[in-house]
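> Predicted model follows, preceded by the sequence.
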Amino acid sequence: MIMDALEKKLTRLSIARRCRPEKPTYLLGMALQPEGGLAVSCSNMAVHVHNKDTLKLQGEYRGHSGPLCGLTFAHTSPHLVYSASADGTVRAWDARRPGTDAAQLFRGDSSHSFCSFDLSCGDLLLCAGTEQVNKEDSFLVFWDARKPGASLLGVYSESHSDDITQVRFHPGDKDRMASCSTDGLVNVFDLSRATEDEALLATCNSDSSASAVCWCADDYSRLLCLGHDEGLHLWDLRQLDTEEPLTVFSCRDARSLVPAAPGRGLDYLVGGAWLEDARKLLVVGGDNGGDLHLMECDGDGLRLLTSLDGGHASTVRCFLWDASGGALVTGGEDAQLLQWKPGGEELTAGKKESMKSASALKVKTRPHRKHLYKI
């Protein structure tokens, strides 16, 4: 069975490579380049590019003046890596030219402070989500990715009322996009339609501050939502035009669903990823000591597959699954970048000390807001 093979692979994961920057910095996000690069966004506002197999640092890119909020490689020009920042800009860097200035620059309005962004699957559209403006407004800002330096292509202003924490384009449909916010709402759009009202296909209420979304299922017809209070929701968007419920699975606090040994409980969720080869939704969580928990999520709920220890010394902030290399890569607040492989053997064993600094970027928190309106 496919699940048996995946579970066997995950339970054999151990540390194969470990990398730490010279100066303490949180590792906030990752993006994988098909040609062998691994980009990492750091709390010191730098973008690092590593070799994905050796984790060797190949280049550093600087230019943002605010915290980074997203990272992705282009699909058709894989040497370009895009980053967005609270400074109100999205920048594209040439991964072949370490240390150079941004090759492309996209600016928002002077009032915009970005906290999320993504690039469409055909590299046609860039979208960034803003923090709340004027105590009630937040915006989805669009550019034509083929025209760096051009003015804004358009703005959606009615769909969210608080910080837009994540924007995710559909992996195969250039016009389909999802967004989530601390207002508790998860929206799905068809960007081919003329107006924002027409484009809004669905609004799902997570009943709490939403932190992340992930497209999943064989045809990417499902949407996973994670909350800042560790809630988890799985929706089936194929039911939009039917009388059937959208909810496949929902839990207000996923920490209660995962049994673990004493002292190794689930304290937080890192994120989710659809594993195409295994056709399974992987959810990664952890405890405050740095241990990781790998879980499967489907209509039956959340199931613990395996736990990984001996790696990180504090909270893990990001991960990705490298299918071609058969490896899990993780990064966190201890400034460590780890590569886990089945049967991996690290030259120097044992958990490393945290490099966390007092000035490192802290996670912004705000009260969760409840909304009455549903789908």
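Good, I have the coordinates.
> alpha carbons only for contacts and neighbour counts from here, please
Fine.
> for G149, what are its contacts?
Remark: with contacts taken as C-alpha atoms under 8 Å, 6 or more residues apart in numbering, G149 is in contact with 104-107.
> Okay, strands next: where are they in the stretch 201-350 of the chain?
210-216, 222-227, 232-236, 247-251, 268-275, 280-286, 292-298, 301-308, 316-322, 327-332, 337-342 (DSSP state E, counting those that start in this stretch).
> Nearest approach to V49 belongs to which of those strands?
Nearest to V49 among those is strand 337-342; the distance by C-alpha to C-alpha comes to 11.8 Å.
> Tell me the gap between the closest one and the middle of its chain.
18 Å (C-alpha atoms, centre = their mean, to the nearest Å).
> Give the other helices and strands that that strand contacts.
Strand 337-342 is packed against helix 2-11, strand 13-19, strand 327-332, with contacts defined by 3 or more C-alpha pairs under 8 Å, 6 or more residues apart in numbering; DSSP states H and E.
> I'd assumed H50 was in a helix, is it?
No. With DSSP: H, G, I helix; E, B strand; the rest coil as the criterion, H50 is assigned strand and is not in a helix.
> ok, how many other residues are close to the nearest residue to it once chain neighbours are set aside?
Here the nearest residue to H50 in space, its sequence neighbours aside, is L57; by C-alpha to C-alpha, 6 or more residues apart in numbering that works out to 4.3 Å. L57: 17 surrounding residues under other C-alpha atoms under 10 Å.
> Isn't L57 up against N51?
Yes. Counting by C-alpha atoms under 8 Å, L57 does reach N51; the two are 6.6 Å apart.
> could you redo the strands of the stretch 201-350 of the chain as CSV and give each row mean neighbour count, mean pLDDT and distance to T89?
Output for the strands of the stretch 201-350 of the chain, formatted as CSV (neighbours: other C-alpha atoms under 10 Å; pLDDT from 0 to 100; distance: least, C-alpha to C-alpha, whole Å):
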stretch, mean neighbour count, mean pLDDT, distance to T89
strand 210-216, 25, 98, 21
strand 222-227, 25, 98, 26
strand 232-236, 23, 97, 31
strand 247-251, 17, 96, 35
strand 268-275, 21, 97, 25
strand 280-286, 23, 96, 30
strand 292-298, 21, 95, 33
strand 301-308, 18, 93, 37
strand 316-322, 22, 97, 22
strand 327-332, 24, 97, 24
strand 337-342, 23, 97, 26
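> Mind checking the ones you listed for the one nearest to S138?
strand 210-216 (14.6 Å).
> ok, the closest one: who's next to it in the sheet?
Strand 210-216 sits in its sheet next to strand 222-227 (antiparallel), going by DSSP bridges.
> what about dumping the CA coordinates of the partner strand to PDB?
Written as PDB, here are the backbone C-alpha positions of strand 222-227 (Å, rounded to 0.1, in the frame of the first residue of the first chain):
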ATOM      1  CA  ARG A 222      -9.400  20.400  -1.200                       C
ATOM      2  CA  LEU A 223      -8.100  23.200   1.000                       C
ATOM      3  CA  LEU A 224      -6.400  22.800   4.300                       C
ATOM      4  CA  CYS A 225      -6.600  25.600   6.800                       C
ATOM      5  CA  LEU A 226      -4.500  26.000  10.000                       C
ATOM      6  CA  GLY A 227      -5.200  28.400  12.800                       C
END
